[in-house]
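*Asks:* A structural model of the following input is requested.
(chains A and B)
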Number of protein chains: 2
Amino acid sequence: MVQERPGRVDRRLSAILAADVAGYSRLMGLDEVGTARVLREHRSVTDALVTKHGGRIVKTAGDGLLLEFPSVVDAVECAVAVQAVMAERNQGLPQDRRMLFRIGINLGDILIEGDDILGKGVNVAARLEGIAEPGGICISSSAYDQVRGKVAVEFADLGAYRYGNGCAPLGRAFRQATRRSLRHAG
Amino acid sequence: MVQERPGRVDRRLSAILAADVAGYSRLMGLDEVGTARVLREHRSVTDALVTKHGGRIVKTAGDGLLLEFPSVVDAVECAVAVQAVMAERNQGLPQDRRMLFRIGINLGDILIEGDDILGKGVNVAARLEGIAEPGGICISSSAYDQVRGKVAVEFADLGAYRYGNGCAPLGRAFRQATRRSLRHAG
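*Replies:* Prediction:
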């Protein structure tokens, strides 16, 4: 659908998923080489889930991950699958060695610069990631509007959040509450 | 971005634009051959604007038109350009011969079936078209969230509408109010 049009700002509607590892600095402090290796092993599994759900890895930075999906439903289903597989992979590990992702999902009419994506829609996804609990998913109200009744999880309303230093409203945020039917993510 | 994945429902986030000609049956009643010819002439101009703004004609049915855009900003800018060029083309014509489009724009995580698009996001766009005034544009609140401050028109809040026979809420609808800077659409 996206056509290159010289001289125009290229935009597209996308679902943006931002993720990081909760307490990554602490884990790195405990065991730098081991933590980096374990993250790499997790990522080989979760990257396959991203591809399966039609997503694209825009960029990575340490434990940070920015993904783009053509569909919010697919992005949320991918996030649910990732959190399910990570819960399995952390089983049996001592609490302080568990690696838990925090995931934020937004939708936005974002700016396209080559392979990179820019704009408020991206920033808000990162803000939602920061609100998410370790192992949890937090989505914007505009994302919620598109997935309500279409995905196998329920979301709980977290109320209004503000974006940045109390400047602009982020809108309502929703966190994953219950899973309606357990899906295997493998 | 869209990948064919066998066995999965394909979805993508798109801006959906539904348009029709206000009073088309009445115009056809006055002059069937002439009305069809004039619409064809208008369409040759407006179709070029659709292409210019990165849109795709999904289907036409008489005076009805369903378009898909990768970006809501581009969809709204296209609609503004179409209404501007139609205003020019109608100048000098007697009131009862003017051909005015009504345009509705929504965004949705829609279902993809080959070249066709389906889902509530499409139905709501058609509902918004019905709310639009002749020569006007009506957009959903989720579309408005993505274009606010990014397009050269202001929108006025029309308040809450219901979708279909009072069953499900459509959300708020917004109509084009003022143009912030006149752009030529040619």
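*Asks:* around chain B, pick out the residues from chain A.
*Replies:* A:1-3, A:5, A:11-15, A:52, A:54, A:56, A:68, A:70-74, A:107-109, A:142, A:145-147, A:150, A:171 (C-beta under 8 Å from any C-beta of the partner chain). Where C-beta positions appear, they are placed from N, C-alpha and C, glycine not excepted.
*Asks:* let's go with 7 Å and repeat that
*Replies:* Within chain A, the residues that sit near chain B (C-beta under 7 Å from any C-beta of the partner chain) are A:1-3, A:5, A:11-15, A:54, A:56, A:70-74, A:107-109, A:142, A:145-146.
*Asks:* could I have the buried ones of those residues as PyMOL selection syntax?
*Replies:* In PyMOL, a selection of the buried entries from the residues of chain A next to chain B looks like this (16 or more other C-beta atoms under 10 Å in any protein chain shown):
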select buried, chain A and resi 1+11+12+13+14+15+54+56+70+71+72+73+74+107+108+109+142+145+146
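*Asks:* among the residues of chain A next to chain B, name the ones in strands.
*Replies:* A:11-15, A:56, A:107-109 (DSSP state E).
*Asks:* ok, those vs residue A:24, which is closest?
*Replies:* Distance ranking of those against residue A:24, using C-beta to C-beta, places residue A:56 first at 22.8 Å.
*Asks:* for the closest residue to that closest one other than its chain neighbours, give me phi and psi.
*Replies:* Distances taken as C-beta to C-beta, 6 or more residues apart in numbering or on different chains place residue A:68 nearest to residue A:56, at 4.9 Å, with adjacent residues excluded. Here is the backbone geometry of residue A:68 (degrees, to the nearest 10): phi -130, psi 140.
*Asks:* quickly list what residue A:68 is bridged to.
*Replies:* residue A:16, residue A:56 (DSSP bridges).
*Asks:* that one and residue A:18 touch, don't they?
*Replies:* No. Judged on C-beta atoms under 7 Å, residue A:68 makes no contact with residue A:18 at a distance of 10.5 Å.
*Asks:* in chain A, what residue spans correspond to strands?
*Replies:* Along chain A, counting by DSSP E, strands occupy A:11-21, A:56-61, A:64-69, A:101-113, A:116-118, A:137-140, A:153-163, A:168-179.
*Asks:* ranking the ones you listed by mean pLDDT, which is last?
*Replies:* Lowest mean pLDDT of these: strand A:168-179, a mean of 64.
*Asks:* send me stretch A:25-44 as PDB with only the CA atoms.
*Replies:* This file holds the C-alpha atoms of stretch A:25-44, laid out as PDB (Å, rounded to 0.1, in the frame of the first residue of the first chain):
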ATOM      1  CA  SER A  25      20.600  -2.900  34.300                       C
ATOM      2  CA  ARG A  26      20.300  -4.900  37.500                       C
ATOM      3  CA  LEU A  27      20.600  -8.200  35.600                       C
ATOM      4  CA  MET A  28      23.600  -6.900  33.700                       C
ATOM      5  CA  GLY A  29      25.100  -5.900  37.000                       C
ATOM      6  CA  LEU A  30      24.700  -9.500  38.300                       C
ATOM      7  CA  ASP A  31      26.100 -11.200  35.200                       C
ATOM      8  CA  GLU A  32      26.900  -9.100  32.100                       C
ATOM      9  CA  VAL A  33      27.900 -11.900  29.600                       C
ATOM     10  CA  GLY A  34      25.200 -14.300  30.900                       C
ATOM     11  CA  THR A  35      22.400 -11.700  30.700                       C
ATOM     12  CA  ALA A  36      23.300 -10.700  27.200                       C
ATOM     13  CA  ARG A  37      23.400 -14.400  26.100                       C
ATOM     14  CA  VAL A  38      20.000 -15.200  27.800                       C
ATOM     15  CA  LEU A  39      18.400 -12.200  26.100                       C
ATOM     16  CA  ARG A  40      19.800 -13.300  22.800                       C
ATOM     17  CA  GLU A  41      18.300 -16.800  23.300                       C
ATOM     18  CA  HIS A  42      14.900 -15.300  24.300                       C
ATOM     19  CA  ARG A  43      15.000 -13.000  21.300                       C
ATOM     20  CA  SER A  44      15.600 -15.900  18.900                       C
END
